[in-house]
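Participant: What shape does this take:
(2 chains)
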There are 2 protein chains.
Amino acid sequence: MDKRYTVGIDIGGQSSKIGIVSEDAEIVARGVLDMKGFGPDDATLFLDSLCAEVSDLASGVGLEEIKGIGIGAPNSNYYNGTIEKAVNLPWAKDKVVHLCDGVSRRLGLPATVTNDANAAALGEMTYGAAQGMKDFIEITLGTGVGSGIVSGGKLVYGHDGFAGELGHVTAVRGGRRCGCGRNGCLEAYASATGVARTAREWLDDGNRDSILRGIENITSKDVYDAAVKGDATAVRIFEYTGRILGECFADFVTFSAPEAIIIFGGLMEAGDLLLNPIRESFEENVLFVWKDKVKIMRSGLRASDAAILGASALAW
Amino acid sequence: MDKRYTVGIDIGGQSSKIGIVSEDAEIVARGVLDMKGFGPDDATLFLDSLCAEVSDLASGVGLEEIKGIGIGAPNSNYYNGTIEKAVNLPWAKDKVVHLCDGVSRRLGLPATVTNDANAAALGEMTYGAAQGMKDFIEITLGTGVGSGIVSGGKLVYGHDGFAGELGHVTAVRGGRRCGCGRNGCLEAYASATGVARTAREWLDDGNRDSILRGIENITSKDVYDAAVKGDATAVRIFEYTGRILGECFADFVTFSAPEAIIIFGGLMEAGDLLLNPIRESFEENVLFVWKDKVKIMRSGLRASDAAILGASALAW
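Facilitator: Numbering: from 1, shown residues only, chains lettered A, B, ... in the order given. Got it, this is the predicted structure:
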């Protein structure tokens, strides 16, 4: 029997990645599109270039073997197939771009788009740690905090297609200013930038000893490196971050009673430094009904391929 | 064409209510079962009595016209059709009672059970304010705070059947002790008992003027009566309660992006005294994506019939 394939596309500000993905999660062909050339008036040019690249890659397996195209993109609307007001994409910054229509018309294949955290959740369910699960929450800890919620085997899109913004629950009432204009959002604490912010605040503030002192523009990677070297302040920063995540996870569980909360993204490089305090804080805070029942686990997706695999899973 | 009917049963500690409900939400026959007679060993006797009463009521329309039986009951598990460790039901206090199997076997009809807040959500969708909606959250403000979450037209049951315990999100970190053993739960503030507790705390604490002073064992009804008479402290108690609810609702929306949050239950007798501060606080706290987009509204179910209608909606 012939293999079947889908196309996974991850649209980003710097580059867009394309992969031809087989049913058994093998990326059989890869392409990259440099995004720097596309200005405010180049939505059509971008669609032409993207679809030319997909055609080219697909010729290896035969376009007729491809079942569909899945796209992960910022500020995308699943219901309308559009990208809307995406600040990092000049050609979609001040307008609505009909992405799926454009791709579908050019290639003669069905196309679907959703945001990257939802794509990661689908990827997890299709190829990763959530295989066989019908109820789980995917949390992405990167520059920001995103989420994709799967309930009864289906992604929760909500009335308007924007459900699953768990980075913007209020973790600390009256807390830090968040990029969204509100205060105390989970994202302001538990993202890579949030961790760096905690480090800078703590060093500015007190008389803490730390090898982080003296580093200019501390990043979450600096905090991780220091923690690995045994720096107590750096270790405590991850404990503090994990504690806040665990408290919020306890609230998330009251909503959808998931089998697991699965964590994906750059910050998870910290591994047990972050995962242990998350688990401890979660078990301390969760309602008795769910004590020792919900798995808090790492993503099973390879970081480098997750975006493509997640997007391709949309198309199955 | 003949009308079709379902049976709605609401199992409570004091009494269980039974109704034969037509497709157009008319309760064509009603019965009540006094629960005081059923002791710890009377699960079978209870099932016999309940089913005899249903048979009796159904004879009016003809048992063959009845499509199924829906039951709302505390501590019930939708997946297993059981009641588990229900403290207010002696015959189901220390054990698991196979409610749906027992009813189904006796009456030869399919039976389904869920908790009362989920039943209210289904009732709202079938007969009430959520008709035509596919994404909404039902919040019940009674002795406790319950919730039923509908996503994509389906109730969210979660991995274990216990999803939707939004009364136990942490509304105030490190706040009041809740009946569940944790601190700061929404239920400790926004239930009828929570409102009474706020009143007692505020009167104990400060030098506030209020006509509530002098009432022994203040209830939420006392607070309402005082507020209607213009008592400033009583009005502020509802503002405080509404503010906390609005803050929590803003978090709920990030999860499932509902079209509406619909509020049901005794505390909603307070009407705009509670609803206005909820709406104000919600709009202040919600992420920009959902500003002025989510309806916060009252239940469209008649309070006296809601439990039966909600349960009967399970059976369609």
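Participant: and residue A:16, how many neighbours?
Facilitator: If you count neighbours by other CB atoms under 10 Å in any protein chain shown, residue A:16 ends up with 24. (Each C-beta comes from the backbone N, C-alpha and C, glycine too.)
Participant: Could I get the buried residue list for stretch A:106-125?
Facilitator: Buried residues in stretch A:106-125, counted by 16 or more other CB atoms under 10 Å in any protein chain shown: A:106-107, A:109, A:111-125.
Participant: looking only at pLDDT, what's the mean for that stretch?
Facilitator: What stretch A:106-125 shows for mean pLDDT is 94.
Participant: Could you do stretch A:85-95 as well?
Facilitator: Averaging pLDDT along stretch A:85-95 gives 86.
Participant: mind listing what's buried in that stretch?
Facilitator: Buried residues in stretch A:85-95 (16+ other CB under 10 Å): A:86, A:89, A:90, A:91, A:92.
Participant: now those residues in CSV, with secondary structure?
Facilitator: CSV is the format used below for those (DSSP: H, G, I helix; E, B strand; the rest coil):
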residue, secondary structure
A:86, coil
A:89, coil
A:90, helix
A:91, helix
A:92, helix
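Participant: Can you pull the phi and psi angles for residue A:170?
Facilitator: phi -80, psi 110 (degrees, to the nearest 10).
Participant: How about the residue most central in space within chain A: what's its closest non-neighbour residue?
Facilitator: In chain A, the residue lying closest to the centroid (CA atoms, centre = their mean) is residue A:117, at 3.5 Å. Leaving out its chain neighbours, the residue that sits closest to residue A:117 by CB to CB, 6 or more residues apart in numbering or on different chains is residue A:146, at 3.2 Å.
Participant: I'd like to know which helix or strand in chain A has the lowest mean pLDDT.
Facilitator: Ranking every helix and strand in chain A by mean pLDDT, DSSP states H and E puts strand A:76-77 at the bottom, with a mean of 89.
Participant: Tell me how far the helix or strand just after it lies from the chain's centre.
Facilitator: From strand A:76-77 onward toward the C-terminus, using DSSP states H and E, the following helix or strand is strand A:82-84. Its chain's C-alpha centre and that of strand A:82-84 lie 18 Å apart, by CA atoms, centre = their mean, to the nearest Å.
Participant: and strand A:82-84, which strands flank it?
Facilitator: With DSSP bridges as the test, strand A:82-84 is paired with strand A:76-77 (antiparallel), strand A:96-97 (antiparallel).
Participant: near chain B too, which of the buried residues of stretch A:85-95?
Facilitator: Among the buried residues of stretch A:85-95, no residue lies close to chain B (CB under 8 Å from any CB of the partner chain).
Participant: With respect to residue B:98, which of those residues is nearest?
Facilitator: residue A:86 (53.0 Å; CB to CB).
Participant: quick one, phi psi at the closest one?
Facilitator: Dihedral pair for residue A:86: phi -90, psi 110, per degrees, to the nearest 10.
Participant: got the contact list for it?
Facilitator: A:73, A:74, A:75, A:76, A:92, A:93 (CB atoms under 8 Å, 6 or more residues apart in numbering or on different chains).
Participant: If we only consider the residues you listed, which is nearest to chain B?
Facilitator: Nearest to chain B out of these is residue A:75 (CB to the nearest CB; 10.0 Å).
Participant: before we move on, back to that, relative to residue B:125, how far out is the residue nearest to the centre of chain A?
Facilitator: 28 Å (CB to CB, to the nearest Å).
Participant: and if you look at residue A:99?
Facilitator: Distance of residue A:99 to residue B:125, given as CB to CB: 33 Å.
Participant: Does residue A:25 touch residue A:127 like I think?
Facilitator: Yes: with contacts defined as CB atoms under 8 Å, residue A:25 counts as touching residue A:127 at a distance of 4.1 Å.
Participant: what about those two, which has more around it?
Facilitator: Remark: of residue A:25 and residue A:127, residue A:127 carries more neighbours, 23 against 16, as counted by other CB under 10 Å.
Participant: Out of the buried residues of stretch A:106-125, which sit inside helices?
Facilitator: When the buried residues of stretch A:106-125 are checked against helices (DSSP state H), the matches are A:106, A:107, A:116, A:117, A:118, A:119, A:120, A:121, A:122, A:123, A:124, A:125.
Participant: Quick check: the farthest pair among these?
Facilitator: A:106 and A:124 (29.6 Å).
Participant: For residue A:254, grab the count of nearby residues.
Facilitator: Residue A:254: 24 surrounding residues under other CB under 10 Å.
Participant: Before I go, just wanted to say thanks for your time.
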